[in-house]
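In: Build the 3D model from these lines:
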Amino acid sequence: MENQIGSSANNQLVALVTGANQGVGFQIAKALAAHGYSVYVGSRNLKNGEKAAAKMGINAYAIQLDVNQQASIIAAVAQIEKEHGHLDLLVNNAGISHAGKPGRTLEEITEDGRASTASLAEVRTVWETNVFGVIAVTQAMLPLLRKSSAARIVNVSSGLGSLTWISDPACWAREHFGVVYAASKSALNAITMAFAIELEKENIKVNAVSPGFTATALNNFQGTDSLEVGSREPVRVALETNGPTATFTGPEGSLPW
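Out: Below is the predicted model:
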């Protein structure tokens, strides 16, 4: 793969998208590749990543990356370091909505996420990916991001994570707020802000973005927006090299934290 990438590696814009073998992550990676980025298509299963990268065409390269496995993260850092020596953009997209009984409807998943009855094991499993996995990958990739002149980190969040929204009795999101998925996105937003504040002095931009209610495997494809629509705002934020930091946006614009 090193030869495929070419000799102008140091001048090449490089991106890593976690969980990019399907859904919104796939669309983000595909768009970045179309804009000339060398895109690492992160996937827990390398074969799935290779299939996805092949569909994206040139500039897309599969990389095995399980955000819950430190050895996998370290290996991914080493591969990017060897092949490019830097990273311009990290998109923390990998996420899961639940870890309980498969085949449940979105309504059943919401019910099982209630604070009073949620399985602590399921909470831990979801947070392991959606929260701790993001911290682990971001920390590991920072040395490579620091070698970029315009480094950005984009965390794919959800409007359900907005504490301002769900504290409003009139908000649609309120009844869907639980401790499994939604609260993990609130935690992700807090982590986004923590990294943004710390890294601002290094001119590394860190932003959270919601794809909206997109039809993906996350919600058993019960979402109302297409993948193309859902990926627009994440792609816009990812491509914005001179944009702001510490923002939370969605398809309709700014979102309240």
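In: now the helices for the stretch 151-257 of the chain?
Out: 163-166, 182-199, 227-239 (DSSP state H, counting those that start in this stretch).
In: all strands in this structure, in order from the N-terminus.
Out: Assigned by DSSP state E, the strands in the chain fall at 14-17, 38-43, 60-64, 89-92, 152-156, 205-209, 248-250, 253-254.
In: what's next to the shortest one, contact-wise?
Out: Counting contacts by CB atoms under 8 Å, 6 or more residues apart in numbering, the residues outside strand 253-254 that touch it are 247-248. For glycine as for every other residue, the C-beta is placed from the backbone atoms N, C-alpha and C.
In: quick one: strands adjacent to it?
Out: If you go by DSSP bridges, strand 253-254 pairs up with strand 248-250 (antiparallel).
In: now what about the partner strand, what contacts it?
Out: So strand 248-250 is contacted by 157, 159, 162, 189, 192, 207-212, 233, 237, 254-257 (CB under 8 Å, 6+ apart).
In: how about 7 Å then?
Out: 157, 159, 189, 208-210, 212, 233, 237, 255, 257 (CB atoms under 7 Å, 6 or more residues apart in numbering).
In: Show the average pLDDT along it.
Out: Mean per-residue pLDDT for strand 248-250: 95.
In: can you check stretch 198-218 too?
Out: pLDDT averaged over stretch 198-218 gives 82.
In: Stretch 63-70 too?
Out: Per-residue scores along stretch 63-70 average to 98.
In: Tell me the buried residues in it?
Out: 63-67 (16 or more other CB atoms under 10 Å).
In: so how far is that stretch from its chain's centroid?
Out: 13 Å (CA atoms, centre = their mean, to the nearest Å).
In: do stretch 170-181 as well
Out: 21 Å.
In: how long is it from one end to the other?
Out: Terminal residues of stretch 170-181 are spaced 21 Å apart (CA to CA, to the nearest Å).
In: Now do that stretch, average pLDDT.
Out: The model assigns stretch 170-181 a mean pLDDT of 90.
In: If you count neighbours, what's buried in it?
Out: 173, 176-181.
In: Equivalent analysis for stretch 133-148, please.
Out: 133-138, 140-142, 144-145, 147-148.
In: model confidence over it, on average?
Out: Mean predicted lDDT for stretch 133-148 stands at 98.
In: Could you check how far it is from the centre of its chain?
Out: In terms of CA atoms, centre = their mean, the gap separating the centre of stretch 133-148 from the centre of its chain is 13 Å.
In: Kindly report the same for stretch 43-56.
Out: With CA atoms, centre = their mean, you get 16 Å for stretch 43-56.
In: Would you mind listing the outside residues contacting that stretch?
Out: 20-22, 26, 29-30, 33, 41-42, 60-66.
In: that older thread, what would the buried residues of stretch 63-70 look like in CSV with distance to Asp88?
Out: Output for the buried residues of stretch 63-70, formatted as CSV (distance: CB to CB, whole Å):
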residue, distance to Asp88
Ile63, 15
Gln64, 21
Leu65, 17
Asp66, 23
Val67, 20
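In: Just give me the closest of those residues to Pro169.
Out: Nearest to Pro169, judged by CB to CB, of these is Val67 at 35.4 Å.
In: Contact partners for the closest one?
Out: 18, 73, 94, 129, 133, 136-137.
In: Any chance of TSV for the strands of the chain, columns distance to Glu83?
Out: Formatted as TSV, the strands of the chain follow (distance: least, CB to CB, whole Å):
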stretch	distance to Glu83
strand 14-17	9
strand 38-43	8
strand 60-64	8
strand 89-92	15
strand 152-156	20
strand 205-209	24
strand 248-250	31
strand 253-254	36
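In: which residues does Pro256 contact?
Out: 162, 164-165.
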